[in-house]
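**Q** fold the following for me, if possible:
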Amino acid sequence: MTEFLKYVTLTVIIGYVVLLIVFTSGSTKPFQEIEQGVENSIDTEKLEKSDMQALKRYYGLNAADYAGVMLYTSESSMSTEEVLLIKVKDDGQMQQVMGTVERRIESRKNDFEGYSPKQMQLLEEAQVSVRGKYLFMAISPRAEEYKAAYMKSL
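**A** Reported below is the predicted structural model:
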């Protein structure tokens, strides 16, 4: 029995290490290549590319502080749809960016709570992914599709 537990423990440890490597590894591709992969999947009839002042206005982040930034937002103020891709310059920035994204989602939930169940559902199902120095966030009916494009482009 103890021999069996050793193998189970070893298998769990190896599985954990593999998952850790997969989810913390980033990409060696340039930001523009990953950005292009995501942009090709975006529904530009509903989302428009935002300038970096929008990043400052919505997230309180300065685009010049990062290795790359892409932000798409809805043309309508009645929609929560957004797609954000950020490549941090160093790992220390990731915690700040992740916190900012989480606060943005919570803030939008407060804005739409009790007002628009459809928009609340989009916020509840927001796709957020961190891989290496990249953070991806999508709030959209097509959020899973956008995340898949992001993952494929890595």
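**Q** the bottom helix or strand of this structure by mean pLDDT?
**A** helix 2-24 (a mean of 65; mean pLDDT, DSSP states H and E).
**Q** in PDB, list the C-alpha atoms belonging to whatever helix or strand comes next after that helix.
**A** Counting by DSSP states H and E, the element after helix 2-24 in chain order, helix or strand, is helix 31-39. The C-alpha trace of helix 31-39 is given here as PDB (Å, rounded to 0.1, in the frame of the first residue of the first chain):
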ATOM      1  CA  PHE A  31       4.000  41.200 -29.400                       C
ATOM      2  CA  GLN A  32       2.900  42.400 -32.900                       C
ATOM      3  CA  GLU A  33       2.500  38.700 -34.100                       C
ATOM      4  CA  ILE A  34       0.400  37.700 -31.100                       C
ATOM      5  CA  GLU A  35      -1.600  41.000 -31.400                       C
ATOM      6  CA  GLN A  36      -2.300  40.200 -35.100                       C
ATOM      7  CA  GLY A  37      -3.500  36.700 -34.200                       C
ATOM      8  CA  VAL A  38      -6.000  38.100 -31.800                       C
ATOM      9  CA  GLU A  39      -7.100  41.000 -34.000                       C
END
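**Q** neighbouring contacts of the very next helix or strand once past helix 31-39?
**A** Next in sequence after helix 31-39, counting helices and strands by DSSP H and E, comes strand 47-49. Here strand 47-49 makes contact (CB atoms under 8 Å, 6 or more residues apart in numbering) with 39, 70-75, 81-83, 140. Every C-beta, even on glycine, is put in place using the N, C-alpha and C of the backbone.
**Q** run the last query once more with 7 Å
**A** 72-75, 81, 83 (CB atoms under 7 Å, 6 or more residues apart in numbering).
**Q** and stretch 63-71, by the same measure?
**A** Around stretch 63-71, the neighbours that count as contacts under CB under 7 Å, 6+ apart are 31, 35, 38, 50, 52, 54-55, 84-89.
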